[in-house]
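1. Sequence first, then the predicted structure, then my questions.
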Amino acid sequence: MRGKCFGNFIVKTANGIFLRQFNSPKDWPNSKLLFISFDKYQMEIVAKSNSSWVDWTYNFIDDKQIDIITEHSKDYTKVLQIRKS
C-alpha cells in the first residue's frame with residue numbers, strides 16, 4: 001500500500017474494515033473499495049468506483065449485507081451492495 005492514499009470513508013465490521021483507496025490524488029475520482037480482514041490481514045479489492053461524491057455512507061442490512069451509498073441526490077442514488085458469504 002506504499003504510495004497509496006485513502007479517503008475519509010472507513011467502516012469497521014465484525015470481520016474487518018472497509019476503506020476507500022486512491023492510487024494518487026491525481027486519480028480523483030477513480031477509487032477502489034478495499035476490505036482488510038481482521039483474521040487473515042489480507043486486503044481485497046471489493047469494487048471500483050468513479051464517484052466524485054466525497055461523503056460515502058453505509059447501511060448494514062443484516063449480518064450478510066452492507067450497502068455503500070457512493071452518490072446520493074434528489075434524482076438518483078448509486079449503491080454498492082456488498083454481500084458476505
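-> In hand now; what should we look at?
2. Now for Thr13: which residues touch it?
-> Ile66 (Cβ atoms under 8 Å, 6 or more residues apart in numbering). Heads up, the C-betas are built off the backbone N, CA and C, glycines and all.
3. any idea how far Ser73 is from it?
-> Relative to Ser73, Thr13 is positioned 27 Å away (Cβ to Cβ, to the nearest Å).
4. Tell me the bridge partners for the spatially most central residue of the chain.
-> For the chain, Leu33 is the residue whose C-alpha lies nearest the centre (Cα atoms, centre = their mean; 3.5 Å). Assessed by DSSP bridges, Leu33 has beta-bridge partners Arg20, Ala47.
5. now the one 10 residues further on
-> According to DSSP bridges, Ile36 are recorded as the beta-bridge partners of Met43.
6. Only the buried residues of the helix or strand where Phe60 lies, if you could.
-> Using DSSP states H and E, Phe60 maps to strand 57-62. Across strand 57-62, burial judged by 16 or more other Cβ atoms under 10 Å covers Tyr58.
7. what do you get for stretch 19-30?
-> Leu19, Arg20, Gln21, Phe22.
8. And the contacts of that stretch?
-> 1, 3-10, 31-34, 36, 48-52, 56.
9. ok, now with 10 Å
-> With contact meaning Cβ atoms under 10 Å, 6 or more residues apart in numbering, stretch 19-30 is reached by 1, 3-11, 31-36, 43, 45-46, 48-54, 56, 68, 70.
10. sorry, back to before: run through the residues that contact the residue nearest to the centre of the chain.
-> With contact taken as Cβ under 10 Å, 6+ apart, Leu33 is in contact with 7, 9, 11, 18-21, 44-49, 56, 68, 70, 80, 82.
11. Narrow those to those that are buried.
-> If we count by 16+ other Cβ under 10 Å, the contacts of Leu33 have these buried: 7, 9, 11, 18-21, 49, 56, 68, 70, 80, 82.
12. can the residues you listed go into a markdown table with extra columns for pLDDT and distance to Asp27?
-> Putting the buried ones among the contacts of Leu33 into a markdown table (pLDDT from 0 to 100; distance: Cβ to Cβ, whole Å) gives the following:
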| residue | pLDDT | distance to Asp27 |
| --- | --- | --- |
| Gly7 | 90 | 11 |
| Phe9 | 94 | 15 |
| Val11 | 93 | 21 |
| Phe18 | 95 | 19 |
| Leu19 | 95 | 15 |
| Arg20 | 95 | 12 |
| Gln21 | 94 | 10 |
| Ser49 | 93 | 11 |
| Trp56 | 92 | 16 |
| Ile68 | 91 | 19 |
| Thr70 | 91 | 16 |
| Leu80 | 87 | 18 |
| Ile82 | 87 | 22 |
